[in-house]
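1. Got a predicted model here, sequence first, then my questions.
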There are 2 protein chains.
Amino acid sequence: MAERITKRADDYAQWYLDVVLQAQLADYAPVKGCMIIRPNGYAIWENIQKALDGMFKDTGHVNAYFPLFIPESFMMKEKEHVEGFSPECAVVTHGGGKKLEENLYVRPTSETIIWSMYKKWIHSYRDLPILINQWANVVRWEMRTRLFLRTTEFLWQEGHTAHATYEEAEQEALKILEIYRHFAEDYMAIPVFHGKKTESEKFAGALHTYCIEAMMQDKKALQAGTSHNLGQNFAKAFEVQFQDEKSDLQYVWATSWGVSTRLVGALIMAHSDDNGLVLPPKLAPTQVVIVPIFKDVDEKTQTVEAAQKLKAALSAESVRVHIDDRDQYRPGWKFNEWELKGIPVRVEIGPKDLAAGNVVCARRDKPDRSEKVTMAMGGAASGIVKLLADIQKNLYDRAKLFRDANIFDVENYDRLKELMEKEEGFARCFWAGSSEDEARIKDETKATIRCIPVDQSGTEGVCIFTGKKTTTQVLFAKAY
Amino acid sequence: MAERITKRADDYAQWYLDVVLQAQLADYAPVKGCMIIRPNGYAIWENIQKALDGMFKDTGHVNAYFPLFIPESFMMKEKEHVEGFSPECAVVTHGGGKKLEENLYVRPTSETIIWSMYKKWIHSYRDLPILINQWANVVRWEMRTRLFLRTTEFLWQEGHTAHATYEEAEQEALKILEIYRHFAEDYMAIPVFHGKKTESEKFAGALHTYCIEAMMQDKKALQAGTSHNLGQNFAKAFEVQFQDEKSDLQYVWATSWGVSTRLVGALIMAHSDDNGLVLPPKLAPTQVVIVPIFKDVDEKTQTVEAAQKLKAALSAESVRVHIDDRDQYRPGWKFNEWELKGIPVRVEIGPKDLAAGNVVCARRDKPDRSEKVTMAMGGAASGIVKLLADIQKNLYDRAKLFRDANIFDVENYDRLKELMEKEEGFARCFWAGSSEDEARIKDETKATIRCIPVDQSGTEGVCIFTGKKTTTQVLFAKAY
């Protein structure tokens, strides 16, 4: 608490690390590039898991668990996949005190091990679809890491589905994209663009990749989730065929999709401020902290009793509440601490409030004193429930206003370069270029096409790079 | 379904594998010793996790996540620990295409990596206790593996707590032991002995180890959970000291404790029968399957409608229900399938039942036709809720009767040898021997001391091996 958080305006990257470390969300591990997710951070991830897991199950998915280790030969079977992932892998060469006959890769993603099993499980159209998800750790050897956003080991969910037709696989990939969009906007309070990746940005081994892209407070893009239509690539690599209703042999169609602990980083970056973490109420492990204010034992007894009553009333409304009745810290110190830790609502109950039959509520999203709300004790529980909903909405609206104010329609390449140089936001423009063109733009501006949004204007325009006429608009941005 | 399950009496080990594979709980992985936990098996693990996680949180524990990789040098810091685990480890020697400067061990358990962080986080008595749990995968290179019971990679939870005093650590270890005992008996419906391990059976690096031990249907013991008082061993190895209230420097006291996916194996072995899986209702992913019985579309409409009404009534009571209205299978086939998969209650609704205003319930724990229960449609939901509770109780009672009938008070070593040779059960006897004596008995009989039960008779007797007088009784058994 004695430490100060760097201001966003001074050094955004350092501000982010200060928030992560001081709010005790994560810490650096002794192994380079790895992190420890501390209880405050892990509780956010648990809430993310719970919400998403429910959505997956509601749409017919089931969970399973596949091994951490993938034989080297499996990784080699899908050409693009091995080129994409092999250089990033951690390799086990020894086990049980002996050199292994075949090296094992620590999974960077599980397509290969899963499709080797689907070969065993899928024979007939009656075995389809398979709608499996797994929650797991994966390892990708990263050179430049940043807590939550890019770490050598991270936690994620990876869905791997098998279908009888292209159309079904495509529908599944889009259904999941919609779940991700809904989750980002409704739970994380982060507006996202959902769309398709270009050929050069798609997943190694996919037919095409869909994604959600968010804007952080430094106006950079963060890819928050991807959903891939894998076509028949993995089925062909692993020889997975099924008998269709006419008894003809067909290769199986596949999707895979995932979000990771990177979402915790997105959450922090999207909403937090110079006082510390700001969390949307739906994902905040503690939604309300009640701070009884007292100078002596009598006052403590009275205010804590009132706090407990309010806690009971809030718990009955499924609100997650903590009472901070510690003696060794002063109220002001406590206020700062809970602000740093991002608790959406702080309730103060002092002897004067009690005498007046009131409680005072401070909103984390509006830390100004003038924004404090006084509520009658009797209506406080329902008032706070409404306040939480309002905070959730305000965070989303604020993030959307910010994002929309920082998207610029760009009509030529010079303007794109200027925008990216000044780090002013996202560029929306018409695009008819090639992968080579994208590579050149990336070289020159560090910006990439984040996605081809699903929502297109439908009008025709001129590609900023090739000058060709096109109706396709894309979003360029620098990205995490 | 066409396959047959080996009978327990013919080949217990094969029976177990038949149940695991045919009920699609798990499958063999392409990597030796690893397994795939299939959706039917994983759903059981999810229920185990949910129940235990709630108990941990109710007792003040929080979840976190520590890295998969442990630097080789860390493993070497606690002498007994490295001797115990080093030979079992998988070793990463290459990452990102390069040979690593220091080898990384894939965690076999996380004491070392966690205590390296506790050194950073613990300075004062105010930082204590730390009550952290993590749900994770671990790897121990096993020579002889068996699905769920002993696999190279498995899933588990590992608690790692830090305390100011020996007494607090001891209390914590015992509190967790009690949670494990309660969970085994009340949720898994498996009676267990809870007690202390002897010196030669304790965890590598522990002061002492507590455990719960269950008897399987082949009368062998299965260790179902362990809780260790680690003393100051890891604090000393990692130099973790705190300032106490008098400002004196003290080493921190530690516990660790865990249960794993082995519990799924225990659950299968304890209750299942020659028709397949039997699950206690509290942990069964699906508790009730309703099978509408119909010969034509009209009958289907009527019976499925009744099934849906009953499902709604049961769901309102938080019962997990599935309706099997598939056209392509006959009722008898469906009955067999749901029996194989261990659904506790099967409800049959045919046109005749419907006309009589009844449903017919079959209990999975009593598969005889004569045990079917007919209930009036109106009272079926509450009747089935009671039935589920009764099945839960019956499974426990049955397992306890079986266990108690197969524990023998043994007064001399010859009788112990005879008992173990005939694989007749557990031997309870007085014990005052040494670790060397235990080793010799293990050599000669393959039996080990499973635990020194907490519940002792208090009487004095003669040690079966040394002839010394003692009040300590132990349990010997062959174990998984």
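-> On my side now, so go ahead. Residues are numbered from 1 along each chain as shown, chains lettered A, B, ... in the order given.
2. And the strands in the stretch 151-300 of chain A?
-> Assigned by DSSP state E, counting those that start in this stretch, the strands in the stretch 151-300 of chain A fall at A:153-163, A:192-196, A:208-215, A:221-231, A:241-243, A:249-251, A:253-260, A:288-292.
3. would you turn those into JSON lines with mean neighbour count and distance to chain B?
-> (Each C-beta comes from the backbone N, C-alpha and C, glycine too.) JSON lines is the format used below for the strands of the stretch 151-300 of chain A (neighbours: other CB atoms under 10 Å in any protein chain shown; distance: least, CB to the nearest CB, whole Å):
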{"stretch": "strand A:153-163", "mean neighbour count": "23", "distance to chain B": "5"}
{"stretch": "strand A:192-196", "mean neighbour count": "22", "distance to chain B": "25"}
{"stretch": "strand A:208-215", "mean neighbour count": "25", "distance to chain B": "23"}
{"stretch": "strand A:221-231", "mean neighbour count": "25", "distance to chain B": "20"}
{"stretch": "strand A:241-243", "mean neighbour count": "18", "distance to chain B": "15"}
{"stretch": "strand A:249-251", "mean neighbour count": "13", "distance to chain B": "20"}
{"stretch": "strand A:253-260", "mean neighbour count": "26", "distance to chain B": "12"}
{"stretch": "strand A:288-292", "mean neighbour count": "26", "distance to chain B": "16"}
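4. of all the ones you listed, which lies closest to residue B:234?
-> Smallest distance to residue B:234 across the strands of the stretch 151-300 of chain A (CB to CB): 22.3 Å, for strand A:153-163.
5. packing partners for that closest one?
-> Counting contacts by 3 or more CB pairs under 8 Å, 6 or more residues apart in numbering or on different chains; DSSP states H and E, strand A:153-163 packs against helix A:39-58, helix A:111-121, strand A:130-139, helix A:166-186, strand A:253-260.
6. Specify the angle between it and helix A:111-121 in degrees.
-> Angle of strand A:153-163 versus helix A:111-121, following axes from the mean of the first three to the mean of the last three CA atoms, to 10 degrees, is 40 degrees.
7. Please report the number of neighbouring residues for whichever residue of the stretch 351-480 of chain A sits closest to chain B.
-> At 19.6 Å from chain B, residue A:480 is the closest residue in the stretch 351-480 of chain A, using CB to the nearest CB. By other CB atoms under 10 Å in any protein chain shown, the residues close to residue A:480 number 18.
8. what's the pLDDT at it?
-> The model reports residue A:480 with a pLDDT of 94.
9. next one: residue A:432
-> pLDDT, residue A:432: 97.
10. Tell me where the stretch 351-480 of chain A has helices.
-> For the stretch 351-480 of chain A, the helices defined by DSSP state H, counting those that start in this stretch cover A:351-356, A:380-405, A:413-422, A:435-445.
11. ok, residue A:292 - contacts?
-> By CB atoms under 8 Å, 6 or more residues apart in numbering or on different chains, the residues touching residue A:292 are A:300, A:303, A:304, A:306, A:307, A:323, A:324, A:325, A:349, A:350.
12. Go ahead and confirm residue A:270 touches residue A:190.
-> Yes. Using CB atoms under 8 Å, residue A:270 is in contact with residue A:190, at 4.8 Å.
13. Report the secondary structure state of the closest residue to chain B within the stretch 301-450 of chain A.
-> Nearest residue of the stretch 301-450 of chain A to chain B: residue A:328, at 8.2 Å (CB to the nearest CB). Under DSSP: H, G, I helix; E, B strand; the rest coil, residue A:328 falls in the coil class.
14. burial of it, as a residue count?
-> 6.
15. mind giving me the domain ranges of chain A?
-> A:12-271, A:288-388, A:407-477 (automatic domain parsing).
16. Which element, helix or strand, includes the residue lying closest to residue A:268 once chain neighbours are set aside?
-> Leaving aside its sequence neighbours, residue A:268 sits nearest to residue A:19 (CB to CB, 6 or more residues apart in numbering or on different chains; 5.9 Å). Using DSSP states H and E, the element containing residue A:19 is helix A:12-22.
17. what does the stretch 101-250 of chain A have sitting close to chain B?
-> Residues of the stretch 101-250 of chain A found near chain B (CB under 8 Å from any CB of the partner chain) are A:104, A:106, A:113, A:116-117, A:120-121, A:132, A:136-137, A:139, A:141-143, A:152-153, A:155.
18. hmm, try it at 7 Å
-> For the stretch 101-250 of chain A, the contact set with chain B under CB under 7 Å from any CB of the partner chain comprises A:104, A:106, A:116, A:117, A:132, A:137, A:139, A:141, A:153, A:155.
19. before we move on, the earlier item: now render the strands of the stretch 151-300 of chain A as CSV, adding mean pLDDT.
-> Shown next, in CSV, are the strands of the stretch 151-300 of chain A (pLDDT from 0 to 100):
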stretch, mean pLDDT
strand A:153-163, 98
strand A:192-196, 97
strand A:208-215, 97
strand A:221-231, 97
strand A:241-243, 98
strand A:249-251, 97
strand A:253-260, 98
strand A:288-292, 98
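20. Nearest to residue B:461 among those would be which one?
-> Across the strands of the stretch 151-300 of chain A, residue B:461 has its closest neighbour in strand A:153-163 (52.5 Å, CB to CB).
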